[in-house]
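this one's structure only:
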């Protein structure tokens, strides 16, 4: 801005500057149209004047208008609330499931826990109004700091994998029907017998049989997404180096409160060897060999345990042609195009089509 003064009196000029700097107009003011407070401040005044008598001198006086953050004034709580409302103007992206719920799959991009908490509260309110039931949140391991705010909003752990944690919350005031986490572990025992009625057996370097001298079938755990028949072939190959072909499922056993208090399903599988040379896995296997089946069955440990004795009797009956197990029959259900296996007696004819559920 420009202000013009007569140059005849420097004292008057200084008084005017002093008046500008002390004027109440320069004190903090609050607008009726905004909660922000505005401050006027004078930057150093640069003066220029002329000594010529009777002329006007132009003086330049700079004035700055500064808008300060609401965090530094008395309107802090209101402004913080306004900021929070701006942040929750949207809700968390979610995908609806088939059971009246939603699933939120978080990316691994960093997110402030307080911002996440606000978004989550707004989202839960929205989903309650929509009548949603179960809410699932899949948190990648990089966002572990978001577990606490989610738990404070009523979420609980459902299950965990190496790279993520799944949280869940039941919204309606009705009985919780969310299914529990996986309840069973699946294992296999491989009965591999050759044309000389010799069975493939191993001794383990660890576990309950370590140091006992007991010879046992190759065993292992079925991997996620792996069929029982494929798991049996894989375990035999890994432990002994023998290639084998799956023949039948002979029997299975169910037990409870086993690995991490989960139930356990153990399937006894019969395989036909496609190779004979043994190349054992030295990391887990102490010894491996082909042993006459009668010698295996006569072990005191086998005869002293009901489960192992029953399995031995079933294998003996199968070798003698007195027992028929279950063979894998590939099927496709009407619910999905994925191929699955139905284990059944191979000598039983069926009339169902491949599209039957």
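Nice, I can see it. This one's a predicted model, so the numbers in the text were calculated from it and none came from an experiment.

Show residues contacting stretch 234-243.
Contact with stretch 234-243 is made by 188, 190, 192, 200, 202, 218-220, 226, 244, 271, 273-281, 284-285, 288, as judged by CB atoms under 8 Å, 6 or more residues apart in numbering. Placement of C-beta: from N, CA and C, glycine included.

in it, what's buried?
234-237, 239-240, 242 (16 or more other CB atoms under 10 Å).

got it, and stretch 218-236?
218-220, 222, 227-236.

That one spans what distance, first to last residue?
6 Å (CA to CA, to the nearest Å).

State the mean pLDDT of it.
Average pLDDT, stretch 218-236: 94.

can you check stretch 92-111 too?
94.

picking up where we left off before, show only the entries of the buried residues of stretch 218-236 found in helices.
Among the buried residues of stretch 218-236, DSSP state H puts 228-236 in helices.

okay, the residues you listed in CSV with distance to residue 121 next?
Listed next are these as CSV, based on distance: CB to CB, whole Å:
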residue, distance to residue 121
228, 46
229, 49
230, 46
231, 45
232, 50
233, 52
234, 48
235, 49
236, 54
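
Any regions of this protein where pLDDT drops low?
By pLDDT under 70, the weakly predicted segments of the chain are 1-89, 334-336, 346-357.

What are the boundaries of the helices in it?
Going by DSSP H, the chain shows helices at 10-22, 76-87, 113-129, 147-152, 228-240, 293-297, 300-303, 306-319.

and residue 264, which of these is closest to it?
Of all the helices of the chain, it is helix 306-319 that lies closest to residue 264, at 12.2 Å by CB to CB.

Mind listing what's buried along that closest one?
308, 311-312, 314-315, 318.

Could you list every helix and strand that that helix packs against?
Helix 306-319 makes packing contacts with strand 184-192, strand 244-255, strand 263-273, helix 293-297, helix 300-303 when contacts are defined by 3 or more CB pairs under 8 Å, 6 or more residues apart in numbering; DSSP states H and E.

Would you mind finding the most buried of those?
When you average the neighbours per residue for each of those (mean count of other CB atoms under 10 Å), strand 184-192 leads with a mean of 21.

Run through the neighbouring helices and strands of it.
Using 3+ CB pairs under 8 Å, 6+ apart, strand 184-192 sits against strand 198-204, strand 219-221, helix 228-240, strand 244-255, strand 263-273, helix 306-319.

distance between the third one and the chain's centre?
Once both centres are worked out by CA atoms, centre = their mean, to the nearest Å, helix 228-240 turns out to sit 29 Å from its chain's centre.

Just put the helices of the chain in a markdown table and tack on distance to residue 253.
Listed next are the helices of the chain as a markdown table, based on distance: least, CB to CB, whole Å:
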| stretch | distance to residue 253 |
| --- | --- |
| helix 10-22 | 93 |
| helix 76-87 | 55 |
| helix 113-129 | 43 |
| helix 147-152 | 38 |
| helix 228-240 | 13 |
| helix 293-297 | 18 |
| helix 300-303 | 15 |
| helix 306-319 | 6 |
